[in-house]
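Visitor: Give me the fold of what follows.
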Amino acid sequence: MKWIILLAALATACGGDDDGGDGSTGGDGGGGDDTGWEQLADLPSGPVQETAVVEVAGVIYVLGGIDEDMRTVPSVLAYHQADDSWDTAPDLPAAVHHINAAAVDGTIYVVGSLAPDFTPVAEVWSWTPGDEAWSTSRAAMPAPVRGAAAVGVVDGSIVVAGGLSAAGSSEVVSAYDPAADAWDEERAALPMPLDHATGQVVGGDFYVIGGRSNGIVAVSAEVFRADGASWATRAPMPTARGGIASGVIGDRIVVVGGEGNTDADTGVFPQTEIYDPAADAWDSLADMPTPRHGMAAAGLDGTLYVPGGADHQAFAAVATHEALHLE
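Guide: Residues are numbered from 1 along each chain as shown. Just a heads-up that it's a prediction; the model follows:
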């Protein structure tokens, strides 16, 4: 498939002997600085990108991904903010990356992903912290199966918007109801095909931000809000980018990093931008100390946690974990 070949080519082009470009270290290993950013304990298993990140009961979980040797991993890591420490949770049922994941009522759900060869995986898995293993008996994602989607939880259902299917970027929106173990295929499609966008829910409204359409540098600044049977276009993000991460702090959405930056040798964006849905307005915050893409993030107690990712476009995984304190 053309897009797999493109990714492999970019990995070769960007994963070599570059000195790091815009990527800088995040400080002295403790305490924040006047930008609000702080360097935290690195991922204990080493570099990993194209993960999912989910917060449950104050613990931040990092699911799956691709390591620095281009191996897809099934690992699940658990971060504890109180003492800046990591431990492990039960592995995923299979090694996958670009995972669509969310938590509902204290249970983590994986609702589609990509296999090591980038084939979309339809399987749906669930795990409640404290259980010995993941459940694999849930209803599979209907076609088109995709990973790298924007995900949000609305009224107890996990909404999966866009993503990478076998045919490329998708505009399809579907929703999984964990209580009924059933999929709703009647959701309005996105206004454009997107993958590597980010999704968040504020005030019960689902927002899909940024991403790209059939190409790493074909990035978008668009912001769409689910509006009944359609999507409303909101104020665009100041910096168009894909492969971004985001989290909700208070009633605002913080978006960090991304790839497709033709103005940087690394191809990675350092930007941190914050969206106020009530005002439909954006503002800029301090750049990431270590610009990255291919990561996910979680907002918790006024802080955005950003573990892992890659510091060059395509494949260049790092173990860096940084946090942005906002409240």
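Visitor: Quick one: the helices in the protein, in order.
Guide: 2-14 (DSSP state H).
Visitor: Report the residue spans of it with pLDDT below the cut-off.
Guide: 1-32 (pLDDT under 70).
Visitor: Mind doing that once more with 90?
Guide: 1-34, 185-186, 228-229, 327 (pLDDT under 90).
Visitor: you'd agree E50 is up against H98?
Guide: Yes. Assessed by CB atoms under 8 Å, E50 is found in contact with H98 at 5.1 Å. In short, each C-beta sits where N, CA and C put it, glycine included.
Visitor: which residues are common contacts for those two?
Guide: Both E50 and H98 are contacted by L114, A148, under the criterion CB atoms under 8 Å, 6 or more residues apart in numbering.
Visitor: Number of residues surrounding G130?
Guide: G130 has 8 neighbours, counted by other CB atoms under 10 Å.
Visitor: wait, I meant G242
Guide: Neighbours of G242 (other CB under 10 Å): 27.
Visitor: The chain should start at 178 in everything you say after this.
Guide: Shifting the count to begin at 178 puts that one at G419.
Visitor: Report the separation between it and S314.
Guide: 34 Å (CB to CB, to the nearest Å).
Visitor: distance of the nearest residue to A395 once chain neighbours are set aside from M318?
Guide: Using CB to CB, 6 or more residues apart in numbering and skipping the chain neighbours, the partner closest in space to A395 is R389 (5.1 Å). Distance from R389 to M318, counting by CB to CB: 21 Å.
Visitor: contacting residues for the residue nearest to A395?
Guide: S346, L371, D372, H373, A374, A395, V396, S397, G419, G420, G437.
Visitor: what residues are up against the fifth one?
Guide: Think A374. Residues in contact with A374 (CB under 8 Å, 6+ apart) are A326, A327, A338, G339, V385, I386, G387, G388, R389, S397, G419, I421.
Visitor: repeat for the third one
Guide: Each residue near D372 by CB under 8 Å, 6+ apart is listed here: 323, 325-326, 339-341, 345-347, 388-390, 419.
Visitor: same deal with the last one?
Guide: Going by CB under 8 Å, 6+ apart, G437 touches R389, I393, V394, A395, V396, A417, R418, G419, G420, G444, F446, Q490.
Visitor: Output those as JSON lines; include the columns distance to P270.
Guide: Formatted as JSON lines, these follow (distance: CB to CB, whole Å):
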{"residue": "R389", "distance to P270": "29"}
{"residue": "I393", "distance to P270": "29"}
{"residue": "V394", "distance to P270": "34"}
{"residue": "A395", "distance to P270": "33"}
{"residue": "V396", "distance to P270": "33"}
{"residue": "A417", "distance to P270": "36"}
{"residue": "R418", "distance to P270": "32"}
{"residue": "G419", "distance to P270": "28"}
{"residue": "G420", "distance to P270": "25"}
{"residue": "G444", "distance to P270": "33"}
{"residue": "F446", "distance to P270": "33"}
{"residue": "Q490", "distance to P270": "30"}
